[in-house]
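Asks: Let's see this in three dimensions:
(chains A and B)
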Amino acid sequence: MSRSNHSTVERRTLFRWHSERLLPYWLLAPAVVVTLVIVFMPMVQAVFTSFYDLILFRPNASKFVGFGNYVKLFNDPVFWTALWNTVIWIGLTVPLQMGLGLVAALLLNREFPWRGLARALIIIPWALPSVVIALMWRWIYDPNTGVLNDILIYLSIVQSAVPWLADPNVAIYAIIATLTWQGFPFFAVMILAGLQGIPRSQYEAASIDGASTWRQFVHITLPGIAPVLATAGLLRVIWVANSMDVIFVMTGGGPGYATHTLPLYAFIKARQNLDFGYGTAIAVTFTILLGAFVVLYLSRTMREVER
Amino acid sequence: MKQSALRRIITTDLPVLLIVLFAMAPFAWMILTSLTPTAVLNATGVSLSPLGWSLDNYVRLIEQTSFLKNMLDSLIIAAGTVVVGLIVSVTAAYAFSRFRFPGRKLLMLQFLLINMFPIVLLILPLFVLMRRFNILDTHFGLILANATVAIPFAVWMLTSYIGAIPKSLDEAAMTDGCSRLTALRRIVLPLTMPGIISTGIYIFITAWNEYLYALTLGGRNVRPVTVAIQTLIGEYQIEWGLLAAGAVVGAMPATILFLLVQRRLIGGLTQGAVKG
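Replies: Predicted coordinates for the structure are as follows:
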């Protein structure tokens, strides 16, 4: 009698010990299972699809082509145009956002009465849906009735209306300006938080030593916000590279291929031509190219987690 | 004293005012456009004086288009994403912040990685899969699609929020006889509520503003506002007035929510970056 009692107690502690060790996995299970089903399963499927010649709604004609789509890709001039556009797109947008964000953050870090209000208002572009942003700027850029041309002609900066989104040489820069406007508040907010983390005493010590404002900026402010700039910059590269909704609504990739970026090209191929095999091959290639930045960002963030 | 105030106005207030104007001008222009009746808009352009304003475009938006139904679609999808996202993420975040177990780092990395995946890589296979399971163009399908973004985000945000609550509190509850899960429900959840609410609001805003999934995986029966706004473009000529009214109404819920919680939200979002 007492023996069996003893063993139930033992079994119960054994069970408790087990469940305590397994508990985190049980707690994680829902999130992991859901993401496996809605993210990783499709992802694997995407890699498979990229090896097939798959035109949707003609599923019977689908056949395995191995690396055929990728070979086709490297011989596709539009791919190279889109790749180059992607480089310009990221290379200009992110530094512009960061520069403008830095200026805004430095200003917002000063003392003035309506600081809270200014900080709230400056974030508005960030909260707007990208469709609204894209349509809004299409209206501003409109060659006939857009307000931008009106203003520029009034100030005699240009002589005649500029077709901002219809000129293949100008269109991508016009969209970059839009995205700069959309994204600078993110940097401003991030950098502002970084600025507020720099101890005031450092500036006081520096001004006692007679350091100029510029030298204080270079030797105290910049090193102080360098980690924020790096993290926010990497995050933004990935985000800007992926964001194609604004381009899609503003120009649909045109005129011609002038505003095609890689993800947009993949999306358009799949959406308009229903060429899912080739579209996914472009998407996979783009993901691999972006991978370098992702790895950099992940290693930075995971270092944080370990601490 | 007076001179220094003047100096401040020139070096700080004026530049800040310029940046604030730059940030607000496009949307303000959109509002002005939406208040100008189409006939006036075509004849003389956007009306700057309140005398020329009317709610004509808004009345047409409500009466002649299905915009209210589209708002309802967006509401269902965004609210659904918040529920799904929060429910599965709260326990995961608790596990990450309270336990040290084999595979923890790998699993955390997994959730971070998902957030970096290009949406285009997901959208194409999701379309194929959802077509096979017949959930294209349903609220459920779009909630699932939005959850791909919401879950990893919520897991990370909530992990940092729960991590900020001292472990000693749930340990004390457990010595008093609570089980782990009771401690989570009675002690940790109430304390994390502000964090859970701001995470939920952020998910709501993101799902409300989402466009590409809505366009690809929905669009006919289920048409969220972001897709609906675009269809307001007239057949022969772009109806900027109507479009602007749709854009203003469609952007309102997310913008107001954002302004309400921006303080706390930004605190949470920037924490990670600042510590780095």
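Asks: does residue B:150 really touch residue B:80, like I thought?
Replies: No - if you go by C-beta atoms under 8 Å, residue B:150 and residue B:80 don't touch, sitting 10.1 Å apart. Bear in mind the C-beta positions are built from the backbone N, C-alpha and C, glycine included.
Asks: Of these two, which one has the most company?
Replies: residue B:150 (28 against 18; other C-beta atoms under 10 Å in any protein chain shown).
Asks: mind listing what that one touches?
Replies: Residue B:150 makes contact with B:81, B:82, B:84, B:85, B:203, B:206, B:207, according to C-beta atoms under 8 Å, 6 or more residues apart in numbering or on different chains.
Asks: among those residues, which two are most distant?
Replies: B:84 and B:206 (13.2 Å; C-beta to C-beta).
Asks: Looking at the two, which is more packed in?
Replies: The neighbour comparison of residue B:84 against residue B:206 (other C-beta under 10 Å) goes to residue B:84, with 22 against 19.
Asks: Quick check: the gap between the more buried one and residue B:203.
Replies: 9 Å (C-beta to C-beta, to the nearest Å).
Asks: cool, residue B:218 as well?
Replies: 18 Å.
Asks: ok, the two, which is more surrounded?
Replies: Using other C-beta under 10 Å as the criterion, residue B:218 and residue B:203 rank with residue B:203 on top: 27 against 22.
Asks: What's the per-residue pLDDT of residue 208 here?
Replies: With no chain named, the answer covers chain A. With respect to pLDDT, residue A:208 scores 87.
Asks: nope, chain B
Replies: 91.
Asks: Who are the packing partners of whichever strand or helix holds it?
Replies: Using DSSP states H and E, residue B:208 maps to helix B:189-209. Using 3 or more C-beta pairs under 8 Å, 6 or more residues apart in numbering or on different chains; DSSP states H and E, the elements in contact with helix B:189-209 are helix B:67-98, helix B:139-163, helix B:240-275.
Asks: Need the winner for burial among those helices.
Replies: Greatest average neighbour count among the helices and strands packed on helix B:189-209 goes to helix B:139-163 (a mean of 24), per mean count of other C-beta atoms under 10 Å in any protein chain shown.
Asks: Mind listing residues that contact the next helix or strand after it?
Replies: Later in the chain than helix B:139-163, the nearest helix or strand by DSSP H and E is helix B:167-175. Contact partners of helix B:167-175, identified using C-beta under 8 Å, 6+ apart, comprise B:98, B:180, B:182, B:183, B:184, B:186, B:187, B:188, B:191.
Asks: Hey, what's the angle from helix B:167-175 to helix B:189-209? Just curious.
Replies: 120 degrees (axes from the mean of the first three to the mean of the last three C-alpha atoms, to 10 degrees).
Asks: Now do the buried residues in helix B:167-175.
Replies: B:170, B:173 (16 or more other C-beta atoms under 10 Å in any protein chain shown).
Asks: what do you get for stretch B:199-218?
Replies: B:199-218.
Asks: which residue is nearest the middle of chain B?
Replies: residue B:205 (1.6 Å; C-alpha atoms, centre = their mean).
Asks: I'd guessed that one sits against residue B:259; true?
Replies: No - taking contacts as C-beta under 8 Å, residue B:205 lies outside contact range of residue B:259: 10.9 Å.
Asks: Check the contact lists of these two and give me the overlap.
Replies: Residues touching both residue B:205 and residue B:259 (C-beta under 8 Å, 6+ apart) are residue A:127.
Asks: For the helix or strand hosting residue A:26, give the mean pLDDT please.
Replies: Using DSSP H and E, residue A:26 falls within helix A:2-35. For helix A:2-35, mean pLDDT is 69.
Asks: for stretch B:22-31, same thing?
Replies: If you average the pLDDT values across stretch B:22-31, you get 89.
Asks: Enumerate the positions of it that are buried.
Replies: B:23, B:26, B:27, B:29, B:30.
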